[in-house]
Structure formats: structure tokens, C-alpha cells
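Asks: What shape does this take:
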Amino acid sequence: MEFILRLAVLILLALAASGARAQEAPPFAVGDSLGVPGADGFEAVSSNVTVYGAIVNAESCSYDAERGLIAVVNRGVPQAVQANDAWVSLVRSDGSVHTARWIGVQRPDQRADLPPPLVLNDPLGSEIAGGVLTVADRDGGAGPDDPSMAVVRRFDARTGAPLGETRIAESPWINDVAVADDGTVYATQTGDLGPDPDPATFRVYRIAPDGEVSVVVEGAPLNLPNGIALDPEGRLVVANFGDDAVLTFSTSGDLVETRRAAQPGSDGLVIRPDGTTYVSSVTQGGVSRLRPGEAATLIARGIPGGASMCYDAGADQLVVPMVSNNGLAFVSLDTPDAARH
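Replies: Purely as a prediction, here's the structure:
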């Protein structure tokens, strides 16, 4: 009788363990590196094949130091054409494609059924920090009767799985993001883009780790604020699109310093550990270098639509998405200034 009771207990434990495994959520589905389905499973592209492309309307990129790859956030088609159409590509330092569609390999109509569901509508700025890919996105805006709302979305930088989101109810859209060591996110609201923009729409938001949203800076000297980054001292640096100002603020919003890029129309912003700052102009195509205590120097020219760039530590270069040109520009930092004719 004792043997029968023990056997019954073992069977019940095995059934319970089997049920627990069945209830475990499957891993989030992301795209494979380049290749095709083969007779023995997935067959990767052979080593003598190099593929370029996979970039569509990209506004930003982030360097994944763990994998040595560049995560490029593609906007896809506009919201008014198809919502939830964006995706993330993985690109090598030489510009070749590692994974054409990593996050967002599914069609928009399939994404709601994923565990967890995927939403990536109209992503602009992005940053990988602390193992998390943080993206400036928005919901709505598909038409005149569909209000737009800014959303900060987070993804696991290793698995691609959505980790959560924070909605900024009072903001229709945000442009770029910077992430502090404690997970605090700072985001620029570029604001009105018309001929007579309202300065009250020029803002920098803080999203605390607990999700609390607050305004850090509003109005002048912000002038269509675009790129944002944290300097080595943990201060906020904001590049204006509306002029050539590169502004440094304390995290409480006090203006500390004003510098000038070599060109106006700033978008991308990269700051190195020694304080050297690089600024891309989306309107005039140059990349400015601002060393501490020095005036700006133009180190690259003629990059069409140069948007929110990132620093590729593996190759010591800047990677500049070219928005509607559907490509990436690579600016080496270990060669003489390329701006000289």
C-alpha cells in the first residue's frame, strides 16, 4: 500500500510539473539572421555573401556593445497608411545586414497576438542602456480624428521582447531619448514645426523609473529641441533644430552652458567620455565636433537627411541614419577631418 501511495504522489508531481511547463509563455518571436529555411532547418547565408540594405525611413540607431551590432529603428510607412508597421534591423559595422527584421518580423495584423503583443508605430529616437532598448514612439495620429500621444517603449536588448511602455498624455509626440544609469528617461518634445511655433511646446520631459512624468525644461532657450544626451557629468545636453545652439542643463533644468554647432538644424547628438560632442545637421548635412573649450569644427559634409546618429564603439565611427534616403552614413573618427576640400 505504501508503494502505491508513493507512486501516486510521484505521478501527481510529474503531472504538476508538466502543467507548469505548459503554462510557461513561449519566447518572444524575433527575426533570424539572414538565411533561408533548409531541409535540415534554418540555413544561414554563406560567408562569401554580403548583403546591404534593410533600412527604410530610419530616424535613429543604437550600438549594442554586447553583440557588436547596430540596432537601427525603421519607421516603415506613415501611420496614416498603416499603423504598427515599424521594425528594428541589426547591422554590422561595415554596413552589411546581420538581421533584416529583428524586432517586428511579423506583419502589423499579427503583432497583437504575440506574447507579449508588439506595438511599434512611428519610432524616432532610441538608445540601448542597461540591457534595454528605449524608443521614442507614439500612438494615434493616423488621421485628423485620431489624436496622437507620445509613448516611450522599452524592449529587452537581448531577446527583443517588449518590457513595457510609458505614455505621456500631454504630449502628441517626442523626438529623442537619453537614458540615465538609474533608468530615468529624458525625452525632447520638438513642438510646433509651423512658421510661428509656440515656445511653450518646446520641452524636455523626465520619465522616472516608477513611470512618473514631469517637465524639466520648457520654452527658451530651447528652440525646436531635437537631439538629447547625457554628458560625462550626468548633465542634459540638448541640440536645437531651430538654431545652432547646443545647450547643457542640470537634471533639475538649470541652464549651465550654451555652445554652437557649425551648422543649424541639429538632430543627432553623441557625447564621448572625454566630453567631445558630435552633432549632425539634418537640414545642412554636416557633422560638427565640439571639443571641451573649443569652437565647433565641421568633420563631415553633405550627408542628406542626417538624423539621430549613434557611436559604434567597435569601429570608432559615427553611424548616421539618412531618413528618407533609406540608408546609413558611416563617419570614421580615426581619420583626418573629411570636411576639407
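Asks: Can you give me the neighbour number for the closest residue to residue 86 other than its chain neighbours?
Replies: For residue 86, the nearest residue in space outside its immediate sequence neighbours is residue 120; the separation is 4.1 Å by Cβ to Cβ, 6 or more residues apart in numbering. Yep, even glycine has a C-beta here, placed from its N, CA and C like the rest. By other Cβ atoms under 10 Å, 25 other residues sit near residue 120.
Asks: what does the one 3 residues further on give?
Replies: Neighbour count of residue 123, defined by other Cβ under 10 Å: 24.
Asks: Look at the closest residue to residue 281 other than its chain neighbours and report its pLDDT.
Replies: Taking Cβ to Cβ, 6+ apart, and ignoring the residues beside it in sequence, residue 281 has residue 263 as its nearest neighbour in space, at 4.1 Å. At residue 263, the model reports a pLDDT of 98.
Asks: next one: residue 38
Replies: On the pLDDT scale, residue 38 gets 78.
Asks: how many neighbours does it have?
Replies: Burial measure for residue 38: 9 neighbouring residues, criterion other Cβ under 10 Å.
Asks: May I have the beta-bridge partners of it?
Replies: Counting by DSSP bridges, residue 38 is bridged to residue 41.
Asks: Now do stretch 107-115: everything it contacts.
Replies: Judged by Cβ atoms under 8 Å, 6 or more residues apart in numbering, the contacts made with stretch 107-115 from elsewhere in the structure are 25-26, 28-29, 82-85, 104, 106, 117-119.
Asks: now for these, which pair is the farthest apart?
Replies: Using Cβ to Cβ, the two most remote members of those are 25 and 82, lying 27.3 Å apart.
Asks: more crowded one of the two?
Replies: Using other Cβ under 10 Å as the criterion, residue 25 and residue 82 rank with residue 82 on top: 15 against 8.
Asks: any idea how far the closest residue to the more buried one other than its chain neighbours is from residue 32?
Replies: Sequence neighbours aside, residue 108 is the residue nearest to residue 82 in space, at 5.8 Å (criterion: Cβ to Cβ, 6+ apart). Residue 108 is 20 Å from residue 32, where distance means Cβ to Cβ, to the nearest Å.
Asks: between those two, who's got more neighbours?
Replies: Neighbour count, other Cβ under 10 Å: between residue 108 and residue 32, residue 108 has more, with 18 against 14.
Asks: Next, the more buried one: phi, psi?
Replies: Backbone dihedrals for residue 108, given as degrees, to the nearest 10, come out at phi -50, psi -40.
Asks: Quick check: the gap between it and residue 69.
Replies: Plainly put, residue 108 is 25 Å away from residue 69 if you go by Cβ to Cβ.
Asks: now do residue 289
Replies: The value you get for residue 289 to residue 69, if Cβ to Cβ is used, is 25 Å.
Asks: What of residue 208?
Replies: With distances taken as Cβ to Cβ, residue 208 is found 30 Å from residue 69.
Asks: Counting neighbours, go ahead and name the busier of the two.
Replies: Neighbour count, other Cβ under 10 Å: between residue 208 and residue 69, residue 69 has more, with 21 against 14.
Asks: No more questions from me, cheers.
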